[in-house]
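**Student:** Here is my input; please provide its structure:
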Amino acid sequence: MLLQLLWVLVLAAVMLVLALRPVLRDRHPYVWWCLLGYPAAVLRARLSWRRLTTALALAVPRRPANALLGDLVVRGDPLKPIPPRLGMPRLRRGGFTVQVRLHPGQVPEQLTKATDAITHTWRVYAVRVTSTTRGFATVTALAWDPLAAPALPYLLRPETLRALVGTREDGQSWLIDFRRVPHWLIVGATRSGKSTLIAALVSQLARQRVALFGIDLKGGMELSLFGPRLSALAANRTQAAQLIAELVREAEARMELCRSAGVRSIWDLPARHRLMPIVVIVDEVAELYLMATRDDKAEVGEISTNLLRLVQLGAALGIHLVIAGQRVGSDLGPGVTALRAQLGGRVCHRVSDPGTAEMALGDLDKDALAAAQQITPTEQGVAITIGDDGQWLRARSIHITPTQARRTARKYAHLAPSWPGLTETTETTGPVGAAEGDDTEGIHL
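**Tutor:** Numbering: from 1, shown residues only. I've put the predicted structure just below:
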């Protein structure tokens, strides 16, 4: 009697879930996925795996199709083809992952070519194949597009130089970590989402004890939204050259301080000498390298040299660069190519010319380059980036309105250290930004 009652309750619960399926899918998609979507997708994957791999020529027969009978070669159908072993799918937020053990001689690229067929057979939004272990491939299935409406998770305690800027295609938060990857290159055409990503990044960094500097060669139109939080904003190339030169002097002073203290980076300094990290946002970098006259050539050469010095020395000295632009190609000169080689972090939105995408991703991953060139104008904010594991993935930043940007800048304006470089010219014996009478050097916490 008790067992019958239990079966009735289970049946009633299943019928209730099925009846509420449309409501759950629209209003609570993650609940729907855990209760109904995931079990159904796993069942389809397990039941269709043998037929799917046989149709894709991934299943290997126990015996060869050709047999030798005396002097005759007899041909027939392969006997009982064995598919690559499919592991147990593991539930994840908005999808699942499953590990596939490949047959000897097979490579993950064979599964990668079959992702469209797997997507249609399993009835999911998309399938991605990666491999971190020899002989195995990891198949990730997404139930829906996680980039359709990216949302920024709430942070209880933001960490210095780490910024959550959006959502990745695997459902995880999109994190830009300057401690792990010190310098970044962000490219994208007009209305591709580049400025939105920069606004999300600056909004996150504004909450931290970080000195922010802006170089906006659109006359300051973009980064002026964060003016109260910026220690300095250069709006033309002359100001940019001056600011970059002062930052180089700051780097040299920090280098001298580390040498005298016998440490290899500012993070190893004693607490009383702890220096504030610096993040420099450079927007429209192509404007820094355009030359019309001989005087421009000398100025561009100085800027190029100083930028290279900053990216080469900055990681250990707490100076980090974000280089952004609509067009960043090798035609701008060897200085841009040399700068690109030092920028480990890459983000590529939709671009107008193949050269810019090649500059951003061509030296890292050809598949990532191809994926970036497939981003359509309707996918604003979608970008290709390189994850911490070295694999490329799609991501989308949250949208920061101008009102939100101004409010954030005013709220955290008190965290911006003073920087006299663009407002007055003074002779200094120490690094720029040090307070008079201070017995330590640099920008301090």
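**Student:** wait, is residue 240 part of a helix?
**Tutor:** Yes: assessed with DSSP: H, G, I helix; E, B strand; the rest coil, residue 240 lies in a helix.
**Student:** Next, count neighbours for it.
**Tutor:** Counted with other C-beta atoms under 10 Å, the neighbours of residue 240 add up to 24. C-beta here means a position set from N, CA and C on the backbone, and glycine is covered the same way.
**Student:** So it sits against residue 217, correct?
**Tutor:** Yes: using C-beta atoms under 8 Å, residue 240 makes contact with residue 217 at a distance of 6.9 Å.
**Student:** So for those two, which residues contact both of them?
**Tutor:** Here residue 240 and residue 217 have residue 288 as joint contacts, going by C-beta atoms under 8 Å, 6 or more residues apart in numbering.
**Student:** Contacts only, for residue 284.
**Tutor:** Residue 284 touches 216, 217, 218, 324, 325, 326, counting by C-beta under 8 Å, 6+ apart.
**Student:** and the residues you listed as JSON lines, adding distance to residue 38, pLDDT and secondary structure?
**Tutor:** Shown next, in JSON lines, are the contacts of residue 284 (distance: C-beta to C-beta, whole Å; pLDDT from 0 to 100; DSSP: H, G, I helix; E, B strand; the rest coil):
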{"residue": "216", "distance to residue 38": "46", "pLDDT": "91", "secondary structure": "strand"}
{"residue": "217", "distance to residue 38": "49", "pLDDT": "86", "secondary structure": "coil"}
{"residue": "218", "distance to residue 38": "47", "pLDDT": "85", "secondary structure": "coil"}
{"residue": "324", "distance to residue 38": "39", "pLDDT": "92", "secondary structure": "strand"}
{"residue": "325", "distance to residue 38": "42", "pLDDT": "89", "secondary structure": "strand"}
{"residue": "326", "distance to residue 38": "41", "pLDDT": "88", "secondary structure": "coil"}
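**Student:** hmm, which of those are the buried ones?
**Tutor:** 216, 217, 324, 325, 326 (16 or more other C-beta atoms under 10 Å).
**Student:** residue contacts, the fourth one?
**Tutor:** The contact partners of residue 325, by C-beta under 8 Å, 6+ apart, come to 186, 187, 283, 284, 285, 286, 356.
**Student:** can you tell me which two in those residues are farthest apart?
**Tutor:** Longest distance between any two of those is 14.8 Å, between 283 and 356; criterion C-beta to C-beta.
**Student:** how much space between residue 261 and residue 255?
**Tutor:** Distance, residue 261 to residue 255, by C-beta to C-beta, to the nearest Å: 11 Å.
**Student:** Which residue ranges of the stretch 251-400 of the chain form helices?
**Tutor:** Applying DSSP state H, counting those that start in this stretch to the stretch 251-400 of the chain gives helices spanning 286-289, 294-317, 334-341, 354-361, 366-372.
**Student:** Compute the inter-axis angle for the longest one and helix 334-341.
**Tutor:** To tie it back to what came earlier, the one meant is helix 294-317. Taking axes from the mean of the first three to the mean of the last three C-alpha atoms, to 10 degrees, one finds helix 294-317 and helix 334-341 inclined to each other by 20 degrees.
**Student:** List the contacts of helix 294-317.
**Tutor:** If you take C-beta under 8 Å, 6+ apart as the criterion, helix 294-317 is touched by 182-183, 237-238, 240-241, 244-245, 247-248, 251, 254-255, 258, 264-266, 280, 282, 288-291, 319-321, 333, 335-336, 338-339, 342-343.
**Student:** which of the residues in that helix are buried?
**Tutor:** By 16+ other C-beta under 10 Å, the buried positions in helix 294-317 come out as 299-300, 303-304, 306-307, 309-311, 314-317.
**Student:** In JSON lines: the residues you listed, plus pLDDT.
**Tutor:** Formatted as JSON lines, these follow (pLDDT from 0 to 100):
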{"residue": "299", "pLDDT": "85"}
{"residue": "300", "pLDDT": "86"}
{"residue": "303", "pLDDT": "90"}
{"residue": "304", "pLDDT": "90"}
{"residue": "306", "pLDDT": "92"}
{"residue": "307", "pLDDT": "92"}
{"residue": "309", "pLDDT": "92"}
{"residue": "310", "pLDDT": "92"}
{"residue": "311", "pLDDT": "92"}
{"residue": "314", "pLDDT": "87"}
{"residue": "315", "pLDDT": "88"}
{"residue": "316", "pLDDT": "90"}
{"residue": "317", "pLDDT": "91"}
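**Student:** Please tell me how far the closest residue to residue 44 other than its chain neighbours sits from residue 91.
**Tutor:** Spatially, and ignoring its direct neighbours in sequence, residue 44 is nearest to residue 122 (5.4 Å; C-beta to C-beta, 6 or more residues apart in numbering). The gap separating residue 122 from residue 91 is 15 Å, by C-beta to C-beta.
**Student:** More neighbours: which of those two?
**Tutor:** Ranked by neighbour count (other C-beta under 10 Å), residue 122 and residue 91 place residue 122 first, with 22 against 14.
**Student:** Identify the residues contacting the more buried one.
**Tutor:** Residues near residue 122 by C-beta under 8 Å, 6+ apart: 41, 44, 45, 48, 141.
**Student:** Hmm, the second one is touching residue 118, no?
**Tutor:** No: at 10.6 Å, residue 44 and residue 118 do not qualify as touching, with contact defined as C-beta under 8 Å.
**Student:** higher neighbour count, the two?
**Tutor:** More crowded of residue 44 and residue 118, by other C-beta under 10 Å: residue 118, with 21 against 14.
**Student:** How about the secondary structure of the more buried one?
**Tutor:** Secondary structure, three-state DSSP: residue 118 is helix.
**Student:** tell me the SS of the nearest residue to it once chain neighbours are set aside?
**Tutor:** Leaving aside its chain neighbours, residue 118 sits nearest to residue 127 (4.8 Å; criterion: C-beta to C-beta, 6+ apart). At residue 127 the chain is in strand, as set by three-state DSSP.
**Student:** what's residue 127 in contact with, if anything?
**Tutor:** Neighbouring residues of residue 127 by C-beta under 8 Å, 6+ apart: 115, 118, 119, 139, 140, 141, 142.
**Student:** mind listing what the fourth one touches?
**Tutor:** So the one you mean is residue 139. Contact partners of residue 139, counting by C-beta under 8 Å, 6+ apart, are 97, 98, 99, 100, 111, 118, 127, 128, 129.
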